[in-house]
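> fold the following and give me the result.
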Amino acid sequence: MKSIELFAGAGGLGMGLHAAGFEPVNVIEWDRYCCDTIRENQSCGVEAVRGWNLTAGDVRHVDFEKYEGKVRLVSGGPPCQPFSLGGKHKAHRDRRDMFPEAIRAVREAKPEAFIFENVKGLTRASFRNYFEYIKLQLEHPEITRKDGESWTSHLARLEQHHTSGSRSGLNYRVVTQVLNAADYGVPQRRERVMFVGFRDDLEVSWNFPLATHSQDALLWDQVKGTYWERHGVPRNERRMSDGAAERVRRMKVAPNALAWCTVREALHGIPDPELHPQLASQFLNHRFQGGARSYPGHTGSPLDEPAKTLKAGVHGVPGGENMMLRPDGSIRYFTVRESARLQTFPDDFLFHGSWTETMRQLGNAVPVHLARVVGQDVARHLAEAA
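Got it, this is the predicted structure:
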């Protein structure tokens with residue numbers, strides 16, 4: 001199935017959708033470091049990006065009309081800084097808001113479906129009206145904003161059109177949901193909001209895939225001891241969250257789900273770069289980075305839980321939180337390779353740039369596995385509708 005990938009970043013969403021069966025005819029990204037990362041992996045023959053046609057440039061200069069009837073999916077992650085909980089919250093007043101370009105791509109290419117993702121912060125109460133504005137534009141992309149019209153006036157026109165029941169022209173059935181990547185087997189508690197739409201004429205009924213993993217299942221395995229025994233963890237190194245035993249006692253029966261994947265499981269098979277630097281050097285991007293320190297609100301990710309959300313960071317140190325918390329209380333930064341595993345990138349995928357720059361790419365990425373789970377379900381429904 002042919003597709004277009006917008007705002008590709010380092011390629012997490014695109015790689016997951018590629019694995020789900022979509023073949024991107026154009027991958028668009030303006031950031032030179034991200035483009036260098038993709039090109040470098042192409043030159044190394046990495047399967048996940050080998051056939052990508054990369055356009056390094058501003059999406060605002062791309063004509064999408066030429067793709068009408070030629071692609072089945074448009075996907076991407078419009079830059080999310082205006083809506084991030086860690087950003088400055090400029091939202092619709094911020095020139096970095098690229099949702100208008102994502103909507104233009106849908107309007108011009110008229111794909112059968114689209115998948116867009118953004119940070120959970122977009123669903124904040126203070127952004128609620130703008131969130132609805134984005135969704136209504138995706139549902140009715142041909143109801144465009146007039147010159148000089150405020151976004152609130154445009155929203156009012158969209159609401160009138162939507163409630164009138166008119167479905168003439170180009171329309172999409174749009175579903176949105178905040179997904180926690182840990183609930184789908186990603187070793188990281190990372191919440192992203194996703195917009196998925198199917199073109200009206202396909203008459204597709206769709207829902208997001210149900211969660212397959214749970215915290216309760218992990219706590220059950222840990223309290224019962226099977227988790228520790230499976231990983232050969234000595235009793236003096238077994239650390240569980242407060243109240244875990246009581247929570248499991250109230251369950252009475254084992255949860256009907258797979259256990260959340262932990263940091264320990266994600267990093268299995270790669271040596272600690274601080275303790276074994278020579279062995280670590282055999283892995284791409286796996287180099288010890290010193291200087292980690294703990295302070296209130298930034299205490300690191302316990303080894304036997306999914307990682308906290310990896311962050312891109314804007315103050316030099318990437319978020320100050322991209323650290324491992326060992327059972328003995330010591331901390332260190334995750335290496336780029338370890339962070340890539342937490343984002344479910346393959347081990348042969350090389351990140352280009354300095355440590356801070358590569359961590360920025362990873363902190364902005366969509367977990368490859370999460371993208372694949374959603375993409376496979378969208379691809380299945382498109383195949384059935386064909």
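> quick one, helices of this structure?
Along the chain, counting by DSSP state H, helices occupy 12-19, 32-43, 99-109, 128-139, 151-164, 215-224, 226-231, 244-251, 263-266, 277-280, 336-342, 355-363, 368-385.
> determine which of these approaches Leu303 most closely.
Nearest to Leu303 among the helices of the chain is helix 263-266 (4.9 Å), distances taken as CB to CB. Heads up, the C-betas are built off the backbone N, CA and C, glycines and all.
> and that closest one, what does it pack against?
helix 336-342 (3 or more CB pairs under 8 Å, 6 or more residues apart in numbering; DSSP states H and E).
> mind giving me the domain ranges of the chain?
Per automatic domain parsing, the domain ranges recorded for the chain read 2-211+366-385, 213-349.
> pick the most buried one from those.
Among the domains of the chain, domain 2-211+366-385 has the highest mean neighbour count (mean count of other CB atoms under 10 Å), at a mean of 19.
> related to what we said a few turns ago, what would the domains of the chain look like in CSV with mean pLDDT?
Listed next are the domains of the chain as CSV, based on pLDDT from 0 to 100:
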stretch, mean pLDDT
domain 2-211+366-385, 92
domain 213-349, 91
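> need the ones you listed in TSV (columns: distance to Arg360).
Listed next are those as TSV, based on distance: least, CB to CB, whole Å:
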stretch	distance to Arg360
domain 2-211+366-385	8
domain 213-349	5
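> ok, what's across the strand from the nearest residue to Gly185 once chain neighbours are set aside?
Leaving aside its chain neighbours, Gly185 sits nearest to His213 (5.2 Å; criterion: CB to CB, 6 or more residues apart in numbering). Beta-bridge partners recorded for His213 (DSSP bridges): Leu258.
> surely His213 meets Pro255?
No: look at His213 against Pro255 with CB atoms under 8 Å: they stay out of range, at 9.8 Å.
> list residues touching both of these two?
Shared contacts of His213 and Pro255 (CB atoms under 8 Å, 6 or more residues apart in numbering): none.
> could you report the distance from Ala10 to Glu191?
19 Å (CB to CB, to the nearest Å).
> nope, Glu305 is what I meant
From Glu305 to Glu191 the distance is 15 Å (CB to CB).
> so what's Ala379 up against?
Per CB under 8 Å, 6+ apart, neighbours of Ala379: 1, 20-22.
> still on that earlier bit, ok, which of the domains of the chain comes nearest Glu357?
domain 2-211+366-385 (5.3 Å).
> let me see the contact set for the nearest residue to His162 once chain neighbours are set aside.
Excluding its sequence neighbours, the residue lying closest to His162 (CB to CB, 6+ apart) is Leu136, at 5.9 Å. Listed by CB under 8 Å, 6+ apart, the contact set of Leu136 reads 155, 158-159, 162.
> now Leu279
Here Leu279 is in contact with Pro271 (criterion: CB under 8 Å, 6+ apart).
> His381 too?
By CB under 8 Å, 6+ apart, the contact set of His381 is 113, 198, 204, 206.
> could you do Gly51 as well?
Glu23.
> any idea how far Phe334 is from Cys44?
Distance from Phe334 to Cys44, by CB to CB: 23 Å.
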